[in-house]
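Undergrad: A structural model of the following input is requested.
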Amino acid sequence: MSQKATFLGPVDELPPEGAELEPSTESEVDFCASMFSDSSLTFDVSRNGVLVTSNPQNSENFQEFEIDLEAGEEEPYLLWKDNAFDIHLQGLFRDRGAFSTLSDASEPEDYARRFLEVLASSLDEPSMGKDAKKLPLIRWQPGEDGESAEVQLLGLLLADDEQFESFCKERDGEVGLICEDAEVQAHGLRETLTVMAILGVTLGSAGNAQAGLFSKIKQKKAAKEMARQQAVLEQQAIQKRQAAIQQAQRTGYLDMHNDAYVNHHLLEAGKDGEKKVIVDISRQRAYLVINNQIAIDTAVSTARSGKHTPRGVFKITERIAQGKKSTIYGCDMPYWQRLDSSAIGMHVGDLPGHAASAGCVRLPYSVAPVMFANTASGITVEIVDHWDGQELQQQGGTQQSYAQYQQVQQRGGES
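TA: This is a model prediction of the structure:
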């Protein structure tokens, strides 16, 4: 190899900024492999083709750089170039036929070799703008079925045949040539190296792969996926709060949940049915049940710390759609429904995402009119610490309906 070796590396797979890699007796290829040893660019290779197991829909940015292991103390080992390429890895393996020709007798190394053939061939195109061959640097191990292969991509070496032959001789056979000994004997080392220069470089196989290499990669991918999911949840929470604030600006009432389920078909069909309202304090939810089926499921806000929402069975005794106002707190209470003769009732109020009322059951602005229109004086309201819906399942023929309701609720409900 020349003093400075040129590579294309997946920049998103570089180690953290604080990582310090010191060259010892390593070659440039070893140094590149150590930089990307935790690369999550992995592939499952089988007769069905190649599946990118990390971000198959996304492109990866590969940037050109040189490695100079003889750099001075104050000089960097890496010299980054301006050339960079967005490579859609899954798009490089569109031809599954190249793998379907492998037989039951094929070994994992046959799949790894075919992987290199297809990848190197796909990268050999004018749009990459490089005359040198692009030799994939990979590690691999047999798949769980003992037939297929799992492959880790570490980067691409840019070298001509002479440079690659020099590299192989320096390594004195340490490179994992996935060729039978008979091939070397039949064609000679030089021709075999030329073939490998067309295919690529394997830095580890089932016999000499780093211990736990792929399990470490999978753990890292799992951690990345958890971080990604957490970021998505955080972003969704921000968007949800922004939407709730915008809705509050329009309506005058805050609803941090905005997740009510309303079954309009059941409301229409059950106008004269048996109805009751159940308020679950632990979940901060209320349910309108018609004929043992849930017609409305909505978030509520009950008594905050220091206040009390009474538990028990009550009847709706007073209903005022508009004009009801608290003489103590000075706030409007649209769609008021008093429980027995108490000072507690259901009405529109702010839902900040937790129990916050002075004792009443606050309903969302969007749900209270529907609840009001489908209830009446004399209807039962049960307020309990916890409700599990078992009574719906225990009363004949309703278990399926409750299960269907739960599935709809998980999808986001109806409106």
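Undergrad: Residue 120: neighbour count?
TA: 19 (other C-beta atoms under 10 Å). To be clear about C-beta, it is placed using only N, CA and C from the backbone, and glycine gets the same treatment.
Undergrad: Phi, psi for it please.
TA: When quoted as degrees, to the nearest 10, the phi and psi of residue 120 stand at phi -60, psi -40.
Undergrad: thought it was touching residue 137?
TA: No: Residue 120 is beyond contact range of residue 137, at 11.2 Å (criterion: C-beta atoms under 8 Å).
Undergrad: Pull up the per-residue confidence for residue 29.
TA: In the prediction, the pLDDT value recorded for residue 29 is 79.
Undergrad: can I assume it sits in a helix?
TA: Yes: Residue 29: assigned to a helix according to DSSP: H, G, I helix; E, B strand; the rest coil.
Undergrad: so it makes contact with residue 6?
TA: No: contact criterion C-beta under 8 Å: residue 29 and residue 6 do not qualify, at 11.3 Å.
Undergrad: Report the set of residues contacting both of the two.
TA: Residues within reach of residue 29 and of residue 6 at once, by C-beta atoms under 8 Å, 6 or more residues apart in numbering, are residue 157.
Undergrad: More neighbours: which of those two?
TA: Taking other C-beta under 10 Å, residue 29 and residue 6 do not tie; residue 29 has more neighbours (25 against 21).
Undergrad: residues near residue 156, how many?
TA: 29.
Undergrad: Parallel or antiparallel, list what pairs with the strand or helix carrying it.
TA: Using DSSP states H and E, residue 156 falls within strand 149-159. According to DSSP bridges, strand 149-159 forms sheet pairs with strand 4-10 (antiparallel), strand 42-46 (antiparallel), strand 133-142 (antiparallel).
Undergrad: do you know which of the ones you listed lies nearest residue 54?
TA: strand 42-46 (5.9 Å; C-beta to C-beta).
Undergrad: pLDDT of the next helix or strand after that closest one, averaged?
TA: Toward the C-terminus, strand 42-46 is succeeded by strand 49-52 as the next helix or strand (DSSP H and E). Average pLDDT, strand 49-52: 88.
Undergrad: Check which residues of strand 49-52 are buried.
TA: 49, 50, 52 (16 or more other C-beta atoms under 10 Å).
Undergrad: element containing the residue in the chain sticking out farthest from the centre?
TA: In the chain, the residue that sits farthest from the middle, by C-alpha atoms, centre = their mean, is residue 341; the gap is 51.4 Å. For residue 341, there is no enclosing helix or strand under DSSP H and E.
Undergrad: residue contacts, it?
TA: Residue 341 neighbours (C-beta under 8 Å, 6+ apart): residue 317.
Undergrad: Including distance to residue 318, could the strands paired with strand 149-159 go into TSV?
TA: Listed next are those as TSV, based on distance: least, C-beta to C-beta, whole Å:
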stretch	distance to residue 318
strand 4-10	68
strand 42-46	66
strand 133-142	73
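Undergrad: Ok, which of those comes nearest residue 67?
TA: Nearest of these (C-beta to C-beta): strand 4-10, 5.1 Å.
Undergrad: Now find how far off-centre that closest one is within its chain.
TA: In terms of C-alpha atoms, centre = their mean, to the nearest Å, the centre of strand 4-10 is set 30 Å apart from its chain centre.
Undergrad: residues making contact with that strand?
TA: By C-beta under 8 Å, 6+ apart, strand 4-10 touches 27-29, 32, 35-36, 39, 41, 60-68, 79, 85, 132, 134, 137, 153, 155-159, 163.
Undergrad: Tell me the confidence at residue 4?
TA: 68.
Undergrad: My error: substitute residue 303 in the last question.
TA: 93.
Undergrad: From here on, call the first residue 219.
TA: In the new count, where the first residue is 219, that last one comes out as residue 521.
Undergrad: From residue 240, how far out is the residue nearest to it when sequence neighbours are not counted?
TA: Nearest residue to residue 521 in three dimensions, chain neighbours excluded: residue 527, at 4.1 Å (C-beta to C-beta, 6 or more residues apart in numbering). For residue 527, the distance to residue 240 equals 66 Å [C-beta to C-beta, to the nearest Å].
Undergrad: More neighbours: which of those two?
TA: Between residue 527 and residue 240, counting by other C-beta under 10 Å, residue 527 is the more crowded of the two (20 against 8).
Undergrad: Now do the same contact list for the more buried one.
TA: Residue 527 touches 497, 499, 520, 521, 562, 575, 577, 578, 579, 601, counting by C-beta under 8 Å, 6+ apart.
Undergrad: Now name the helix or strand holding it.
TA: Using DSSP H and E, no helix or strand contains residue 527.
Undergrad: Now do the phi/psi pair for it.
TA: Torsion angles, degrees, to the nearest 10, at residue 527: phi -100, psi 120.
Undergrad: what do you get for residue 335?
TA: phi -60, psi -50.
Undergrad: Isn't residue 495 up against residue 605?
TA: No: with contacts counted by C-beta under 8 Å, residue 495 stays clear of residue 605, the gap being 11.1 Å.
Undergrad: Return every residue with contacts to both of those two.
TA: residue 505.
Undergrad: The two - which one has more neighbours?
TA: residue 495 (23 against 19).
Undergrad: which non-adjacent residue is nearest the more buried one?
TA: Residue 495 sits nearest to residue 599 (C-beta to C-beta, 6+ apart), 4.5 Å away.
Undergrad: tell me which residues form a beta bridge with that neighbour?
TA: residue 495, residue 532.
Undergrad: can you count the residues close to it?
TA: With other C-beta under 10 Å as criterion, residue 599 counts 23.
Undergrad: Surely it touches residue 558?
TA: No: taking contacts as C-beta under 8 Å, residue 599 lies outside contact range of residue 558: 9.1 Å.
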